[in-house]
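**Q** The amino acid sequence is not available; the structure is as follows:
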């Protein structure tokens with residue numbers, strides 16, 4: 001909640017302008033050309049808590065030398081409806097096809113016009129998002145390069161005041177018109193997701209030895225074939241830019257790559273006993289899962305399209321008698337070295353920082369069991385800061401519990417709102433939840449657990465985590481009712497990173513708290529036998545609906561032969577749903593053992609977590625879905 005104070009070149013204050021909750025603006029007549037003005041940004045008087053801190057953007061617009069402002073109104077920040085030649089360009093990232101712009105509906109009747117050019121043909125999505133507390137109720141219209149309107153939305157959904165998808169043609173210009181509903185004014189963001197020339201996804205882990213099975217199941221959710229190439233990027237030695245496997249995934253089908261197996265170690269697609277990262281390139285979006293069996297347990301996690309200069313993890317361990325925890329880093333740049341700063345935050349408040357470099361197209365890693373840069377035993381969280389975008393993951397093995405899993409980090413340094421779906425404790429299941437606070441002030445976290453049994457009341461706990469520290473406790477200590485499946489959601493006064501690691505069914509599964517929602521998710525790796533479903537092969541899907549209205553979620557099963565089957569689950573407003581996939585009629589009616597993939601969709605944003613255990617291969621894992629299209633932060637919805 002900002003306000004601005006403006007001073008002239010003599011340091012005299014000439015304006016004090018309070019904001020409307022998220023925007024403070026002041027127009028005034030400037031003095032002579034070249035005169036200096038000073039703008040002081042501060043919190044609005046009376047604001048406190050989350051409204052007294054945070055990021056902001058400042059925009060200044062003045063007269064162009066020689067006359068002629070940006071439009072008929074000198075405080076307008078973008079061209080108006082119909083002024084196509086003056087539309088503000090939004091650049092798209094060449095790797096992921098995404099772009100964003102910002103604007104302000106400056107006055108009643110104002111409209112803003114943008115333009116973008118997708119690299120390739122395919123689906124394009126556009127959202128207009130309003131900051132928390134924003135006043136704009138916006139709508140969006142899309143025009144083609146002939147200035148004809150081809151799509152529009154006036155309703156949006158929770159998290160987006162307007163949202164639209166349409167088929168775009170690569171190389172053609174499209175225009176986005178943002179206009180208010182009624183007489184609202186204020187700031188907004190425009191976000192675009194389009195088809196890049198090539199989709200790229202990553203997972204930083206990979207290793208082939210005589211005790212390892214490693215697979216990359218793939219799913220094509222499109223109604224056309226998709227070509228792909230899978231690359232291994234080695235930690236050391238030769239790193240030729242040659243794929244280890246290429247192929248085509250047929251429409252609406254599951255496929256995959258077998259990298260190595262214990263039965264055919266000599267036939268591995270990669271150099272043996274040499275660490276590597278995996279990079280998947282495809283002609284259109286695929287869902288991909290990293291499935292790795294080692295130490296008599298398994299790691300499973302979806303590939304990611306996200307790179308970031310910061311990553312956080314809440315639950316690492318250094319205990320040579322019990323754990324083998326690894327941090328894996330991958331630098332996807334083909335030219336620039338990444339210089340990485342790694343900070344460890346222990347439960348006792350101790351912190352330490354060290355640095356590491358990751359060469360271009362290389363994987364790097366840290367074995368905390370043997371690395372002396374982690375000087376203390378015990379539990380700790382991690383913050384990674386890099387001068388170039390990288391990908392970071394965790395691989396954790398618990399020798400005593402014979403369990404472990406893999407986990408991608410949080411790319412935003414935490415969030416004030418998050419969700420973990422599908423946890424339990426008691427009997428044959430035990431687990432631990434960790435809260436990492438990297439900020440310079442204490443975190444007060446309200447945790448609410450809702451059970452699958454509707455007769456059980458919600459569990460509410462308040463947890464305090466000191467600044468620069470981590471809080472780790474068992475799910476039993478948290479107070480969860482034994483032997484009951486629950487979904488957990490939390491809110492915090494400062495951003496925190498949260499994760500859960502559970503041990504059950506002879507292995508473990510870890511889940512990073514979801515801090516965003518989407519309208520579509522993919523999981524590449526599922527596999528079941530109707531005669532052993534729920535016994536040898538256990539598969540569950542946990543769903544969370546952050547919106548204020550119930551929603552039907554469509555679960556689509558995609559098989560190797562291109563056939564699909566669907567089931568629909570209703571998830572109540574602000575509630576969880578827990579689906580025993582292994583007991584669905586679609587699985588129980590299969591003729592024999594069948595691999596498949598999942599595509600899960602809804603009309604409004606939701607969260608999905610898939611958990612599977614394969615007792616035949618003695619492995620289990622849990623993973624957030626790979627989102628398709630734009631995502632929405634949970635703190636913009638709940």
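**A** Nice, thanks for sending it over. From a predicted model like this one, the values you see are computed outputs, not experimental measurements.

**Q** In contact with residue 253, which residues?
**A** Residue 253 makes contact with 219-220, 558-562, according to C-beta atoms under 8 Å, 6 or more residues apart in numbering. In this view, the C-beta of every residue, glycine as well, is placed from N, C-alpha and C.

**Q** Also residue 366?
**A** 326-327, 342, 356, 373-374.

**Q** hey, what's the one residue sitting closest to the centre of the chain bridged with?
**A** By C-alpha atoms, centre = their mean, the mean C-alpha position of the chain lies nearest to residue 516, the distance being 6.3 Å. Taking DSSP bridges as the rule, residue 516 bridges to residue 633.

**Q** Show the pLDDT at it.
**A** Looking at residue 516, its pLDDT reads 96.

**Q** Same check on residue 73?
**A** Residue 73 is assigned a predicted lDDT (pLDDT) of 55.

**Q** Now, of the contacts of residue 366, which are buried?
**A** 326-327, 342, 356, 374 (16 or more other C-beta atoms under 10 Å).

**Q** which of the residues you listed lies closest to residue 48?
**A** Closest to residue 48 out of the buried ones among the contacts of residue 366 is residue 342 (34.0 Å), distances taken as C-beta to C-beta.

**Q** Specify the local secondary structure of that closest one.
**A** Here residue 342 is strand, with the state taken from DSSP: H, G, I helix; E, B strand; the rest coil.

**Q** That one contacts residue 380, correct?
**A** No: using C-beta atoms under 8 Å, residue 342 makes no contact with residue 380, being 10.9 Å away.

**Q** what sits in contact with each of the two?
**A** With C-beta under 8 Å, 6+ apart, residue 342 and residue 380 have no common neighbours.

**Q** Take the buried ones among the contacts of residue 366 and keep only those in strands.
**A** Among the buried ones among the contacts of residue 366, the ones falling in strands (DSSP state E) are 326-327, 342, 356.

**Q** which regions of the protein lie under the pLDDT threshold?
**A** When residues are selected by pLDDT under 70, those of the chain lie in 61-74, 132-135, 427-428.

**Q** I'd assumed residue 627 was in contact with the residue nearest to the centre of the chain.
**A** Yes: between residue 516 and residue 627 a contact is recorded at 7.4 Å, counting by C-beta under 8 Å.

**Q** Surely residue 90 is in contact with residue 113?
**A** No: the criterion here is C-beta under 8 Å, and residue 90 misses it with residue 113 at 11.0 Å.

**Q** Comparing these two, which residue is more hemmed in?
**A** residue 113 (23 against 20; other C-beta atoms under 10 Å).

**Q** What separation is there between the more buried one and residue 178?
**A** Remark: distance between residue 113 and residue 178 (C-beta to C-beta, to the nearest Å) = 8 Å.

**Q** Could you do residue 51 as well?
**A** 25 Å.

**Q** And these two? Which one has more around it.
**A** Shown here are residue 51 and residue 178; by other C-beta under 10 Å, residue 178 has more neighbours (26 against 16).

**Q** any idea how far that one is from residue 118?
**A** 19 Å.

**Q** Give the burial count for the closest residue to residue 216 other than its chain neighbours, as a bare number.
**A** In space, residue 216 comes closest to residue 257 once its chain neighbours are excluded; the distance is 4.5 Å by C-beta to C-beta, 6 or more residues apart in numbering. Residue 257: 19 surrounding residues under other C-beta under 10 Å.

**Q** again, but for residue 241
**A** Count around residue 241 with other C-beta under 10 Å applied: 8.

**Q** and it, what does it touch?
**A** Residue 241 makes contact with 231, 361, according to C-beta under 8 Å, 6+ apart.

**Q** Check residue 184 too.
**A** Contact analysis of residue 184 by C-beta under 8 Å, 6+ apart lists 105, 135-138.

**Q** Would you mind measuring from the residue nearest to residue 216 to residue 278?
**A** 9 Å.

**Q** from the contacts of residue 253, which is closest to residue 607?
**A** Ranked by distance to residue 607 (C-beta to C-beta), those are led by residue 219 at 19.0 Å.

**Q** check which helix or strand covers the closest residue to the closest one other than its chain neighbours.
**A** Ranked by C-beta to C-beta, 6+ apart and with sequence neighbours excluded, the top spatial neighbour of residue 219 is residue 597, at 3.4 Å. In this structure, residue 597 sits in strand 594-614 according to DSSP states H and E.

**Q** For the helix or strand just after that strand, enumerate its sheet partners and note whether each is parallel or antiparallel.
**A** Beyond strand 594-614 on the C-terminal side, the first helix or strand identified by DSSP H and E is strand 619-624. Note on strand 619-624: by DSSP bridges, its sheet partners are strand 594-614 (antiparallel).

**Q** my guess is the residue nearest to residue 216 meets residue 206, correct?
**A** No: applying C-beta under 8 Å as the test, residue 257 and residue 206 come out as separate, 11.6 Å apart.

**Q** Can you report phi and psi for residue 582?
**A** Here is the backbone geometry of residue 582 (degrees, to the nearest 10): phi -70, psi -10.

**Q** can you map out the strands along the stretch 301-450 of the chain?
**A** Using DSSP state E, counting those that start in this stretch, the strands found in the stretch 301-450 of the chain span residues 308-318, 323-331, 338-346, 351-358, 362-367, 378-398, 403-408, 415-423, 430-437, 443-451.

**Q** and the helix or strand harbouring residue 523, how far out from the chain's middle?
**A** Using DSSP H and E, residue 523 maps to strand 516-528. Per C-alpha atoms, centre = their mean, to the nearest Å, the displacement of strand 516-528 from the mean C-alpha position of its chain is 13 Å.

**Q** how far is the next helix or strand after that strand from where the chain is centred?
**A** Downstream of strand 516-528, the next assigned helix or strand under DSSP H and E is strand 537-544. Mean-position distance between strand 537-544 and its chain equals 19 Å (C-alpha atoms, centre = their mean).

**Q** Return the distance of the helix or strand just after strand 537-544 from the chain's centre.
**A** Next helix or strand after strand 537-544 toward the C-terminus (DSSP H and E): strand 551-559. From the chain centre to the centre of strand 551-559 is a distance of 21 Å (C-alpha atoms, centre = their mean).

**Q** what's in contact with strand 551-559?
**A** By C-beta under 8 Å, 6+ apart, strand 551-559 touches 219-221, 252-254, 526, 541, 543, 545, 564-571, 577, 579, 581, 586, 594-604, 606.

**Q** Give me the ChimeraX select line for those, limited to the buried ones.
**A** In ChimeraX, a selection of the buried entries from the contacts of strand 551-559 looks like this (16+ other C-beta under 10 Å):
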select :219,220,221,252,253,254,526,541,543,545,564,565,569,571,577,579,581,586,594,595,596,597,598,599,600,601,602,604,606
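
**Q** correct me, but the residue nearest to residue 219 touches residue 527?
**A** No: checked against C-beta under 8 Å, the pair residue 597 and residue 527 is beyond contact range at 9.8 Å.

**Q** And the strands in the stretch 1-150 of the chain?
**A** Applying DSSP E, counting those that start in this stretch to the stretch 1-150 of the chain gives strands spanning 2-7, 13-18, 38-43, 88-89, 98-105, 112-116, 122-129, 138-143, 149-153.
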